[in-house]
Every structure is written in C-alpha cells, then in structure tokens.
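Asks: Sequence first, predicted model second:
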Amino acid sequence: MNTTVPSATAELVIDDLHVDYAIGHRKRRRAVDGVSLRVPPGRAVGVVGESGSGKSTVAGAVLGLAPVSAGAVRYGTTDLRELGRRDRPQQIQAVFQDPYSSLDPTKTLGYTLAEPLRSHAAGTERGGRGRESRTAAVDAMLERVGLGPEAANRYPAQFSGGQRQRASIARALILRPELVICDEAVSALDLSVQAQILNLLLELQQDLGLSMLFITHDLSVVHHIAEEIVVLYRGRIMESGSAESVCRTPSHPYTQRLVMSAPARDIAVQRERRARREALTPPPARLSPLGDACPFAHRCPYAVDRCRTERPLLQPSPHGGRVACHRAHELPPWPHMYEETPAGPGGRQP
C-alpha cells in the first residue's frame, strides 16, 4: 500500500494568542501573552524555551487542550477556537513526550494503529474499506518508521523507549495528516536514540511534505529539524527568525543563554560556553512582574531602567529575524560558539 502523504496545503496561523489559567476562584495566571506565529505548508517551525515558557501551552491551544482567552488559531480556513477537542480536523496530529502514555498497554501495536482508521475514516478512501486494507496500512506505516510489520503483534511493554516513540509517530501518521505537532517528542530519550528519532522525523517531514510545529527546550535539537525558530520566555516571544540566525548569532540575551546551556561534545567548546554563560548571569534579583516590562529583565546583565518599565516590542534584529529587546542593537558582537548537533549531518545545517 502506498503510504505517501499529499503535501500540506494549509497554513497554521496563530495570531496574538493569549491563554489564561485559573488559580483558585478569583486569580488567573497568563501562560501565553500575545504569541503570533505561522507554520507555512510543508515547513517546520520550532518553538523553544525553558520549562514554564508557554511553549506546550501553544501546542495545547492548537490541539484544543488549552483554553484560548484571546487571539486567533486557524488552520487554513478553519477556526480551531470554535471546535471541540473531538472535532479537530484529522489533518492535525500530535506526537507527545511520553510515548508509553499514548499507547494502550493492553492492546497490541497493530490494534492501536488500526483504531484511528476504524473510528475516523472507516469506509473512506483515506481509511480503506475493510480489515485487510487496515492491516495493510498498519504494516506499511510500521515499515515506514523502521519497526517492521512484525511489530504489530507486540505490546508496548515489549518495546524500548525509542521504539515506542517510533510507534507513536506511526500512530500520528496513520491518518495521513498534513500538520504534525511534536511536543517534546525526543526529550525523554538518550542522545543516541534521540538522534535516530530526529533523523526519522526530518526524513518523514521532507519526504511526505508535512508541516511541523516542533516544541522543545533544547535549541540544538530544534536547529536540527526546524527552518524557523520562535523563542519563548514567560509566555512571550523573545526572538524569532531562521534557525541559522537564531542559533549562530542570537540577538536576545535569553537566546544567548539558551545557546550557552546546550551541551557540547568538545571539551574546549563546553568550557568556553560555561564561561560565557557565567559572564551573562547577573546577581539574583526579584522576579519582574509581567505587564509594562521585559519579562527577562531580572535575569539580564544588560537591563536598564527602561527594560523594567517598558515592554519591548518585536523589531528587526541585527542578524535577521525579529527580537524583543530594547538594547539588541547595542549588545556586543556574538562570537561563533555553536557546535553541530549530535544528530549528525542529516539536519538542516549548511
């Protein structure tokens, strides 16, 4: 059976997204504050940031798992805000951090992969017309992700972590989606397995023409797979631009810290990064309130009074892309300190 997925034709548009969570009966916490981004058809866009930056909340807003307080979330002409979780278009699928939680431990992998075909597309051209057609689709997809048809008769507990993530990818692709959202899809894997899964995702994205929203805390990981990167901190965009410019010549002090925090294989590079990171770490300060201020001001070595009283807007950065920093054009030149990701030469690096 041909498992080729038609190239994506619709664009994901997130415009001025705000997400608030209730804290008790009266208070609310803003998790996402005015985020705008686009995932063009067939392109991969990465969203990167520390824990609590709001990156997974952005994914949740697209998938119907997070409440949208304001803003627009559209896929093509479909307003995703108006749809319930069960009504989301099957052209949008997701791969999550923990593959074991998305696979039923009491069902064989073949049963789990065939379930979406039965429930969403039974009797249609997309899903086939019977058990034999579904079995052929499952076998072909397992072959596509490197597990093989024999994996259909095994249970999740019989697979390694990397194999389970391959199974989760197969489950996400079985309905032939156009957009795949990967939320920390490789963060729970060791480096060698992580590289294999990254290369698999990149191969699938390029060969099948998929659009991809890739969410991670690791800048080196997102550089391997994404063409554009959006950097979040405390629910706001700090910097955005091409993967090359964001990773190699970061304009925002927060992005610079992310680059310095990424592990390096070369001891000399790692030592230089550590020294640079320590130089960028000011004395501890009280967390600055959101509102009319830069959310990173309390951690920024370059912060001035303006940073604590006026919210910086996204503007053209010195190296291409956009940056939300009052002093971006005054900062010292950024040295070339980026090391190729351990995922190997199969990524998007030149």
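Replies: Structure received.
Asks: okay, and for the stretch 151-300 of the chain, where does confidence drop off?
Replies: 263-266, 270, 280, 282-289 (pLDDT under 70).
Asks: What are the boundaries of the strands in the stretch 51-200 of the chain?
Replies: With strands called from DSSP state E, counting those that start in this stretch, the stretch 51-200 of the chain shows them at 70-75, 78-79, 92-95, 179-183.
Asks: What lies in contact with the longest one?
Replies: Okay, so that is strand 70-75. For strand 70-75, contacts defined as CB atoms under 8 Å, 6 or more residues apart in numbering pick out 10-18, 34-36, 61-62, 79-81, 89, 91-92, 179. Where you see a C-beta, it was placed from the backbone N, CA and C, and this is true even at glycine.
Asks: can you do 7 Å?
Replies: Residues from elsewhere that reach strand 70-75, judged by CB atoms under 7 Å, 6 or more residues apart in numbering: 10, 12-18, 61-62, 80-81, 89, 92, 179.
Asks: center of this protein, which residue is that?
Replies: residue 215 (1.6 Å; CA atoms, centre = their mean).
Asks: hang on, the earlier thing: would a markdown table of the strands of the stretch 51-200 of the chain with mean neighbour count and distance to residue 325 be doable?
Replies: As requested, the strands of the stretch 51-200 of the chain are exported to a markdown table (neighbours: other CB atoms under 10 Å; distance: least, CB to CB, whole Å):
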| stretch | mean neighbour count | distance to residue 325 |
| --- | --- | --- |
| strand 70-75 | 18 | 23 |
| strand 78-79 | 14 | 33 |
| strand 92-95 | 23 | 32 |
| strand 179-183 | 25 | 27 |
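Asks: picking up where we left off before, A strand includes the residue nearest to the centre of the chain, no?
Replies: Yes: note on residue 215: a strand contains this position according to DSSP: H, G, I helix; E, B strand; the rest coil.
Asks: List buried residues within the contacts of strand 70-75.
Replies: 10, 12-14, 17-18, 61-62, 80, 92, 179 (16 or more other CB atoms under 10 Å).
Asks: could you redo the residues you listed as JSON lines and give each row distance to residue 244?
Replies: Compiled in JSON lines, these are given as follows (distance: CB to CB, whole Å):
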{"residue": "10", "distance to residue 244": "26"}
{"residue": "12", "distance to residue 244": "22"}
{"residue": "13", "distance to residue 244": "24"}
{"residue": "14", "distance to residue 244": "23"}
{"residue": "17", "distance to residue 244": "26"}
{"residue": "18", "distance to residue 244": "30"}
{"residue": "61", "distance to residue 244": "28"}
{"residue": "62", "distance to residue 244": "26"}
{"residue": "80", "distance to residue 244": "30"}
{"residue": "92", "distance to residue 244": "28"}
{"residue": "179", "distance to residue 244": "23"}
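Asks: ok but residue 17 is inside a helix, no?
Replies: No: using three-state DSSP, the assignment for residue 17 is strand, not a helix.
Asks: Least confident of the contacts of strand 70-75?
Replies: Of all these, residue 89 has the smallest pLDDT value, namely 86.
Asks: Verify the stated contact: it with residue 76.
Replies: No: counting by CB atoms under 7 Å, residue 89 stays clear of residue 76, with 8.5 Å between them.
Asks: hang on, the earlier thing: as JSON lines, the strands of the stretch 51-200 of the chain with distance to residue 135 would be great.
Replies: Listed next are the strands of the stretch 51-200 of the chain as JSON lines, based on distance: least, CB to CB, whole Å:
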{"stretch": "strand 70-75", "distance to residue 135": "30"}
{"stretch": "strand 78-79", "distance to residue 135": "32"}
{"stretch": "strand 92-95", "distance to residue 135": "20"}
{"stretch": "strand 179-183", "distance to residue 135": "23"}
